[in-house]
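*Asks:* Pasting the sequence and the predicted model now:
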Amino acid sequence: MNPTDENTTATALDGGAEVSAELLSTMAEIAEEVNSSLDLDEVLARTAALIKRHIDYEIFGVLMIEGRYLRHRFSIGYPRELADNLRVPLGQGITGTAAATGHSVRVSDTSKDARYINAIDSVRSELAVPLMLQGKCVGVLDIQSRHLDYFTRDQQKILTVLASRLAVAIENARLFQKVSAQADTLLLLSEVGRETGAILEVEELLRRAAEQTKRVIDYQILSIMLYDEEQKVFRHRVDVKHGHRVQGKLRATASEGIVGAAATLKEPVLVPDVTVDPRYVMMNPETRSELAIPMMHKGKVIGVLDLESPQLNYFTEDHVQTLSILAANLAVSLENARLYEQLARDEARLERDLQAAKRIQGALLRPVPTEDYGLEMAARYLSAREVCGDLYEFLRYGPQQLGIALGDVSGKGTAAALYGAVAIGIMRSLAPQKLQPAEMLKQMNQLVGERRIEGRFMTACFATWQKGRQKLRVANAGQSQPLLYKDGRCGKIELTGFPLGIFEQTTYDEWSVTLESGNILVFHSDGIAEAMNNEGQFFGTTRIMKLIEEQHEASATEIADRILSEVDWFTHSAPLADDRTLVVAKVR
């Protein structure tokens, strides 16, 4: 509006009703415009355009209160850098005075007003109107001109009325923007949580955490420190400075600086100005504000997420809330990753131990005797796990007599293998006595019983073979009944008995037979007969006997390999559910 229009308006205002109607119409139009959107930038842009139609300003600005300062939220006519960086303390300058007093301020000649902050040299007049909401100032609407005494009292009235409407519209838009931002942040946090939760390697998790934190807050300096329980210090694991990984401080004591305060208090510590906080320990000279968030897991501080900024008052309560959620998710992910890495280390160590045990067990099982006992022999064992709970043994009683044993310890894995190793040791300690089968099992039962372990026992079958007399003696302690091919057919040697290690005072039946060339003796563990296919059928003893009959002209080695091959085919090469052990002896 030029000076001529201004004079006309003034006269019209003196006229009364006609001007009041115009003013009311203008205010209704303004109210409709500012309330038509919940986008704050759009509301402010519309407001600026509407006011421009009635008051021909040259510079326009809406400043919002942030802490103890006013900062531009929207501006027209200001240099971009000035608008972005200008901060007006409350109570200072024209706008600061309007905000502090809650009353509009109209200055006809800025050069004669001591309150004026000379940001733009060409400005000569200014009108600042506080945005009041429920008696509290939330910001200032400010217009400026290069002409002296440019703004009128009536324009001041118009802007004062408009400001009350604009304050409500701005607050609604800010609330909507805040809720939308919170919803976006929660979605982002959910996405970040899913991604970090899927990482089970600590270093990779920390690297991704630094990247993901950047999506939540545009930090300048970040450190992630993890607590070392043994040394009672925080160790820097990730340090990022202005987008680049840097070598940070290797460690910090548990009570040192802002980080130590957050860990001690077990709550976030927000420092708007580190220069006035005695707890601050300077690590980066450019730092002016800092935010430290403890990472908690089950009530314990496992680390601290620390952010620094070269700007004063950079971090807000919204940052505290958002980063607290992020830190909580990160703490769980870190603990999971730590547990996974510990588990991986334990499993690797266990695997090494099991492989060593497997080699030791292999060394304990004696190979088939090479001496001529008048028998062709083969021994096989397949373990369902790294180590085997089955065992076999050959005891040399002399050049003419050989002891043959097969056993199966209850259970599987390492415990069963250790129990079996003890049984082999006992058997070998008894070998010098050249005990026959029934007596050997009796003595072993007594010795195993002396070392009884809850829930553990062992089945065993023991036989002696005397070369010169071609005589076989057999006794059984609960083991699968041995098979004998003789006279053109294969059948079971019907012997039973209590397993070793259950009842100390137990005796065993012994059965003897004279064999001839081509007769075949087969000891087998229940892992062969009880091997199951996909239809739930057992391989069964009948199939073993039929195979022996079909293969009776083959060597002991060929018979043993054929039995295991048929079992594997029957089960479709499925993983072993039980150990499979086999000893085949064929009379020459």
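*Replies:* Here it is on my side, so go on. Numbering: from 1, shown residues only.
*Asks:* Could you state which residue of this protein sits nearest its centroid?
*Replies:* residue 333 (3.3 Å; C-alpha atoms, centre = their mean).
*Asks:* Look at residue 283 and tell me its secondary structure.
*Replies:* coil (DSSP: H, G, I helix; E, B strand; the rest coil).
*Asks:* What backbone torsions are found at it?
*Replies:* When read as degrees, to the nearest 10, the backbone of residue 283 gives phi -120, psi -40.
*Asks:* what about the longest helix anywhere in the chain, average pLDDT?
*Replies:* The residue-count maximum for a helix in the chain (DSSP state H) belongs to helix 317-364. The average pLDDT within helix 317-364 is 79.
*Asks:* Can you name every helix or strand that that helix contacts?
*Replies:* Applying 3 or more C-beta pairs under 8 Å, 6 or more residues apart in numbering; DSSP states H and E, one finds that helix 317-364 contacts helix 153-197, helix 202-216, strand 269-271, strand 289-297, strand 300-309, helix 413-430. Bear in mind the C-beta positions are built from the backbone N, C-alpha and C, glycine included.
*Asks:* if we can go back for a sec, gap between the residue nearest to the centre of the chain and residue 303?
*Replies:* Remark: distance between residue 333 and residue 303 (C-beta to C-beta, to the nearest Å) = 11 Å.
*Asks:* Overlap in contacts, these two.
*Replies:* Counting by C-beta atoms under 8 Å, 6 or more residues apart in numbering, residue 333 and residue 303 have no common neighbour.
*Asks:* Just the residues contacting whatever helix or strand residue 379 lives in, thanks.
*Replies:* Here residue 379 is covered by strand 375-382, with elements defined by DSSP states H and E. Among residues not part of strand 375-382, those counted as contacts by C-beta under 8 Å, 6+ apart are 365, 367-369, 388, 390-392, 394, 402, 404, 465, 467, 527, 555-557, 559-561, 564, 576, 579-588.
*Asks:* Next, residue 488: phi, psi?
*Replies:* According to degrees, to the nearest 10, residue 488 has phi 80, psi 0.
*Asks:* Could you check how many residues crowd around the residue nearest to residue 387 when sequence neighbours are not counted?
*Replies:* Nearest non-adjacent residue to residue 387, counting by C-beta to C-beta, 6 or more residues apart in numbering: residue 417, 3.8 Å away. Each residue near residue 417 was counted by other C-beta atoms under 10 Å, and the total is 26.
*Asks:* and residue 417, how far is that from residue 461?
*Replies:* Counting by C-beta to C-beta - residue 417 and residue 461 are separated by 19 Å.
*Asks:* Next: residue 491.
*Replies:* In terms of C-beta to C-beta, residue 491 sits 15 Å off from residue 461.
*Asks:* In terms of packing, which of those two has more residues around it?
*Replies:* Each of residue 491 and residue 461 has its neighbours counted (other C-beta under 10 Å); residue 461 has more, 28 against 15.
*Asks:* Can I take it that that one is in a strand?
*Replies:* Yes: checked against three-state DSSP, residue 461 lies within a strand.
*Asks:* re earlier: I'd like the distance from the longest helix of the chain to the chain centre, please.
*Replies:* 10 Å (C-alpha atoms, centre = their mean, to the nearest Å).
*Asks:* Residue 586 against residue 519, yeah?
*Replies:* Yes: applying C-beta atoms under 8 Å as the test, residue 586 and residue 519 come out as touching, 7.3 Å apart.
*Asks:* Have a look at these two and say which one is more surrounded.
*Replies:* Comparing residue 586 with residue 519 by other C-beta under 10 Å, the one with more neighbours is residue 586, at 24 against 19.
*Asks:* residues contacting the more buried one?
*Replies:* Residue 586 makes contacts with 375-377, 518-521, 555-556, 559, as judged by C-beta under 8 Å, 6+ apart.
*Asks:* 10 Å - rerun?
*Replies:* Counting by C-beta atoms under 10 Å, 6 or more residues apart in numbering, residue 586 touches 375-378, 485, 515, 517-522, 552-559.
*Asks:* same deal with residue 202?
*Replies:* Applying C-beta under 10 Å, 6+ apart, the residues contacting residue 202 are 226, 237, 333-334, 336-338, 340-341.
*Asks:* What's the local residue count around residue 458?
*Replies:* For residue 458, the neighbour count with other C-beta under 10 Å is 25.
*Asks:* wouldn't it be in contact with residue 423 here?
*Replies:* Yes: with contact defined as C-beta atoms under 10 Å, residue 458 reaches residue 423; the gap is 5.7 Å.
*Asks:* which residues are common contacts for these two?
*Replies:* 391, 407, 409, 444, 448, 500-501.
*Asks:* Quick check: buried residues in stretch 381-395?
*Replies:* In terms of neighbour count (16 or more other C-beta atoms under 10 Å), stretch 381-395 has its buried residues at 381-384, 386-395.
*Asks:* With respect to residue 532, which of these is nearest?
*Replies:* Checking these against residue 532 by C-beta to C-beta gives residue 384 as the nearest, at 12.8 Å.
*Asks:* is it true that the closest one lies in a helix?
*Replies:* No: counting by three-state DSSP, residue 384 falls outside a helix, being coil.
*Asks:* Surely it and residue 580 touch.
*Replies:* Yes: contact criterion C-beta under 10 Å: residue 384 and residue 580 qualify, at 8.0 Å.
*Asks:* pLDDT-wise, which helix or strand of this structure ranks last?
*Replies:* Every helix and strand of the chain was ranked by mean pLDDT, DSSP states H and E. The lowest is helix 3-15, at a mean of 35.
*Asks:* Within its local environment, how many residues does the nearest residue to residue 517 once chain neighbours are set aside see?
*Replies:* Nearest residue to residue 517 in three dimensions, chain neighbours excluded: residue 587, at 5.4 Å (C-beta to C-beta, 6+ apart). Counted by other C-beta under 10 Å, the residues lying close to residue 587 total 21.
*Asks:* and if you look at residue 191?
*Replies:* With other C-beta under 10 Å as criterion, residue 191 counts 12.
*Asks:* that older thread, isn't the residue nearest to the centre of the chain right next to residue 224, touching?
*Replies:* No: in this structure, residue 333 is not within contact of residue 224 by C-beta under 10 Å, at 12.0 Å.
*Asks:* which neighbours do those two share?
*Replies:* By C-beta under 10 Å, 6+ apart, the residues touching both residue 333 and residue 224 are 205-206, 209, 295.
*Asks:* Sort out which one of these lies nearest residue 123 for me.
*Replies:* Nearest member of the shared contacts of residue 333 and residue 224 to residue 123, counting by C-beta to C-beta, is residue 209, at 48.4 Å.
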